[in-house]
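> below are the sequence and a predicted model; questions follow.
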Amino acid sequence: MNETMQLPPLCERFFRRERRSVPAARQFAARTLAGWGLDETGRADDVLLCVSELVTNALLHGVPPGRQFLLFLRYDGRALRVEVHDSGPGVPRVADACDEGGRGLLLVAALSDTWGVRERALGKAVWCEFVGLVTP
């Protein structure tokens, strides 16, 4: 088992609207999972893939030029919540068979235990949760 850091139950970070923010957000999430001792739970790869998908969607569809997005991770000892806040309009949806793109939310829906979208004063937060995570 890895020796874990003491992290608060909520970790968040802003990222710029640029392509390199996707791997940076994924690295931030990986460090956070390790800090909570969740990097060896068997679902860490699923969490990181969902982070990548939600961040990519925010960059492509939700973050206007000159703005940033917020990656928010919260672990309460039972469930891990991943949220990506952006300032763009619209409500994302899972792609259907006729869509050429939009498979990211399909992956999020398949890998997480639950997911959704909530409106904010400016934009939205797209979130997913992983329930029953315990440190090994």
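Looks like it arrived, so ask away. Predicted model only: the values in this text are computed from it and were never measured. Numbering: from 1, shown residues only.
> tell me which element the residue most central in space within the chain is part of?
Most central in the chain under C-alpha atoms, centre = their mean is residue 51, positioned 3.3 Å from the mean C-alpha point. According to DSSP states H and E, residue 51 maps onto helix 44-57.
> just the strands in this structure please.
10-16, 68-75, 79-86, 114-119, 124-131 (DSSP state E).
> now render those strands as CSV, adding distance to residue 56, mean neighbour count and mean pLDDT.
To be clear about C-beta, it is placed using only N, CA and C from the backbone, and glycine gets the same treatment. Putting those into CSV (distance: least, C-beta to C-beta, whole Å; neighbours: other C-beta atoms under 10 Å; pLDDT from 0 to 100) gives the following:
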stretch, distance to residue 56, mean neighbour count, mean pLDDT
strand 10-16, 12, 15, 96
strand 68-75, 11, 20, 96
strand 79-86, 10, 22, 96
strand 114-119, 15, 13, 94
strand 124-131, 11, 20, 96
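> among these, which is nearest residue 60?
Across the strands of the chain, residue 60 has its closest neighbour in strand 79-86 (10.3 Å, C-beta to C-beta).
> okay, now the sheet partners of the closest one, with direction.
strand 68-75 (antiparallel), strand 124-131 (antiparallel) (DSSP bridges).
> burial count for the closest residue to the residue nearest to the centre of the chain other than its chain neighbours?
Residue nearest to residue 51 in three dimensions, not counting chain neighbours: residue 29, with 4.4 Å by C-beta to C-beta, 6 or more residues apart in numbering. For residue 29, the count of nearby residues is 23 (other C-beta atoms under 10 Å).
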